[in-house]
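Q: this one's structure only:
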């Protein structure tokens, strides 16, 4: 699909604190395309809500979003004062283009967008600056990708021992588990209840996402022995 034949739709999201004193409204461009990374998924809204509620601790931190697609969580972090790097697979140029579109729409011209393919020790991965937080929404989608995601996360947190991986996933299978892979790659995780960051609702940020989907939030860190 070439650029001229793509149909773009802009979706707006408004994040507010509990008292309504502060808010952030932004838009992200969706593309009518069969690739996953062209849409806002329920997990992205939940992770963006977490970033919004944690905005005070994100200021001046370096954030890397994996599998960014339309980049909603990363754009929220950038708008909250973080130094953000957006990444998606180097094999998906349309997704990388959409990352750049999201930056353009939200007046973030200085946010770098890089091709980063999970599980590969690419020059882009090796040349990353020190990272404080990794973001990833719905990166645990295809089971065959799970280990590649965690290989990349493990590499980053070995270099940045205090880094955290904030990730949301949608429950799609009762057999879904990354426990063995976390152990294999010296990682550990804690679950973050959605009610602790006001995300346990069908309507979030002015949208009908996450709807009735069952979304979970985890923070994955390095396992220190």
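A: Looks like it arrived, so ask away. This structure is a prediction, so every number in the text was calculated from the model and none was measured.
Q: host element of the closest residue to residue 65 other than its chain neighbours?
A: If the residues on either side of it in the chain are set aside, residue 65 comes closest to residue 74, at 3.7 Å by Cβ to Cβ, 6 or more residues apart in numbering. Using the backbone N, CA and C atoms, a C-beta is placed for each residue, glycine as well. Element membership of residue 74, judged by DSSP states H and E, is helix 72-79.
Q: try residue 48
A: helix 42-53.
Q: Mind checking the pLDDT average for that helix?
A: Average pLDDT, helix 42-53: 95.
Q: Could I get the contacting residues of the residue nearest the centre of the chain?
A: Centroid check for the chain by Cα atoms, centre = their mean gives residue 136 as the closest residue, at 3.3 Å. Taking Cβ atoms under 8 Å, 6 or more residues apart in numbering as the criterion, residue 136 is in contact with 47, 65, 66, 67, 149, 153, 165, 166, 167, 168.
Q: any chance of those in JSON lines, plus neighbour count?
A: Formatted as JSON lines, the contacts of residue 136 follow (neighbours: other Cβ atoms under 10 Å):
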{"residue": "47", "neighbour count": "28"}
{"residue": "65", "neighbour count": "32"}
{"residue": "66", "neighbour count": "23"}
{"residue": "67", "neighbour count": "26"}
{"residue": "149", "neighbour count": "25"}
{"residue": "153", "neighbour count": "26"}
{"residue": "165", "neighbour count": "26"}
{"residue": "166", "neighbour count": "22"}
{"residue": "167", "neighbour count": "28"}
{"residue": "168", "neighbour count": "29"}
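Q: What segments of the chain are strands?
A: Under the criterion DSSP state E, strands of the chain are mapped to 8-16, 23-31, 62-65, 83-88, 113-115, 133-137, 164-170, 187-191, 203-204, 207-210, 215-222.
Q: Out of the ones you listed, the one nearest residue 41 is which?
A: Closest approach to residue 41 among those is made by strand 133-137 (6.6 Å; Cβ to Cβ).
Q: which neighbours does the closest one have in its sheet, and in what orientation?
A: With DSSP bridges as the test, strand 133-137 is paired with strand 62-65 (parallel), strand 164-170 (parallel).
Q: can you redo those as TSV with mean pLDDT and distance to residue 142?
A: Output for the strands paired with strand 133-137, formatted as TSV (pLDDT from 0 to 100; distance: least, Cβ to Cβ, whole Å):
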stretch	mean pLDDT	distance to residue 142
strand 62-65	98	18
strand 164-170	96	12
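Q: May I see those strands arranged in CSV, with distance to residue 144 as well?
A: As requested, those are exported to CSV (distance: least, Cβ to Cβ, whole Å):
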stretch, distance to residue 144
strand 62-65, 21
strand 164-170, 15
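Q: Select the helix or strand of this protein having the lowest average pLDDT value.
A: Lowest by mean pLDDT, DSSP states H and E among the helices and strands of the chain is strand 207-210, with a mean of 75.
Q: packing partners for the helix holding residue 48?
A: If you count contacts as 3 or more Cβ pairs under 8 Å, 6 or more residues apart in numbering; DSSP states H and E, helix 42-53 packs onto strand 8-16, helix 72-79, strand 133-137, strand 164-170, strand 203-204, strand 207-210, strand 215-222.
Q: Give me the contacts around it.
A: Helix 42-53 has contacts (Cβ under 8 Å, 6+ apart) with 13, 15, 17, 24, 58, 69-70, 72-73, 75-77, 80, 135-138, 166-170, 192, 194, 197-199, 204-205, 207, 209-211, 213, 215, 217.
Q: Which members of those are classed as buried?
A: Those of these that meet the buried threshold are 13, 15, 24, 58, 69-70, 72-73, 75-77, 80, 135-138, 166-170, 192, 194, 197-199, 204-205, 207, 209-210, 215, 217, by 16 or more other Cβ atoms under 10 Å.
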